[in-house]
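Engineer: below are the sequence and a predicted model for it; my questions follow.
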Amino acid sequence: MEKHSATWNKISLSFFKKGFKFILLHLSMQFFVPPSLRTKLLKLYGIQFKNSKTVFIGTNVLFDNLKNVSTSIGDNVLITSGAKILNHFPIITPEGVSEFSMGNVIIEDNVFIGMNALIIKPVTIGKGAVIGAGAVVTKDVLPGTIVGGNPATVIGYTKDFSKI
């Protein structure tokens, strides 16, 4: 019979770093945290901001930053409540999920992300884009494009980019 050794005596510094980041992420999602403090907590978590003072992030917004990937957010970005931003997506094969596709999520300047939108692949959301409420974004969104639905499809263009 193989003897199982306790793992509590093998706790490393990386365990505490991961735990600290987990606490920061979940604190940032709470309604009692002011938006200005929310961006500071997310900075500590690893989200990159061009200028965090011009970004509004609503409550219950989840950022899932995996190891070796990043999420960067530009100026004048508004992310409303309930949005989920993931840098990975499962690769489904006949044998099941064996690995994940991972990469960076880039949200450029002047972007609006609607309530409960889901960004689930490594994507770039272009300048001036609008992501509709409940949209599921799995592909890059061109600058000045309005997308919505599941999966997100183009439903229009913002006024400034209508001549592209």
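Structural biologist: Looks like it arrived, so ask away.

Engineer: show me the beta-bridge partners of the spatially most central residue of the chain.
Structural biologist: What sits nearest the mean C-alpha location of the chain, by CA atoms, centre = their mean, is Ile85, with 2.5 Å. Beta-bridge partners for Ile85, by DSSP bridges, are Phe63, Ile119.

Engineer: so who does it touch?
Structural biologist: Contacts for Ile85 (CB atoms under 8 Å, 6 or more residues apart in numbering) come out as 61-64, 71, 79, 105, 107, 119. (Each C-beta comes from the backbone N, C-alpha and C, glycine too.)

Engineer: check the gap between it and Tyr157 for me.
Structural biologist: Plainly put, Ile85 is 23 Å away from Tyr157 if you go by CB to CB, to the nearest Å.

Engineer: could you do Gly134 as well?
Structural biologist: For Gly134 relative to Tyr157 (CB to CB), the value is 20 Å.

Engineer: can you give the contact residues for the worst-scoring helix or strand of the chain on mean pLDDT?
Structural biologist: When each helix and strand of the chain is scored by mean pLDDT, DSSP states H and E, helix 13-28 comes last, with a mean of 72. For helix 13-28, contacts defined as CB under 8 Å, 6+ apart pick out 33, 38, 41-42, 44-46, 57, 61-63.

Engineer: equivalent analysis for stretch 55-62, please.
Structural biologist: With CB under 8 Å, 6+ apart, stretch 55-62 has contacts from 25, 28-31, 33, 35, 38-39, 42, 49, 73, 75-86, 115.

Engineer: about what we covered before: now the contacts of Ile85 as JSON lines including pLDDT and neighbour count?
Structural biologist: Formatted as JSON lines, these follow (pLDDT from 0 to 100; neighbours: other CB atoms under 10 Å):
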{"residue": "Val61", "pLDDT": "90", "neighbour count": "21"}
{"residue": "Leu62", "pLDDT": "87", "neighbour count": "14"}
{"residue": "Phe63", "pLDDT": "86", "neighbour count": "22"}
{"residue": "Asp64", "pLDDT": "82", "neighbour count": "15"}
{"residue": "Thr71", "pLDDT": "89", "neighbour count": "22"}
{"residue": "Ile79", "pLDDT": "94", "neighbour count": "23"}
{"residue": "Val105", "pLDDT": "92", "neighbour count": "25"}
{"residue": "Ile107", "pLDDT": "95", "neighbour count": "26"}
{"residue": "Ile119", "pLDDT": "93", "neighbour count": "26"}
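
Engineer: distance of the residue nearest to Asn104 when sequence neighbours are not counted from Lys21?
Structural biologist: Distances taken as CB to CB, 6 or more residues apart in numbering place Ser70 nearest to Asn104, at 5.1 Å, with adjacent residues excluded. Between Ser70 and Lys21 the distance is 13 Å, computed by CB to CB.

Engineer: no more questions from me, cheers.
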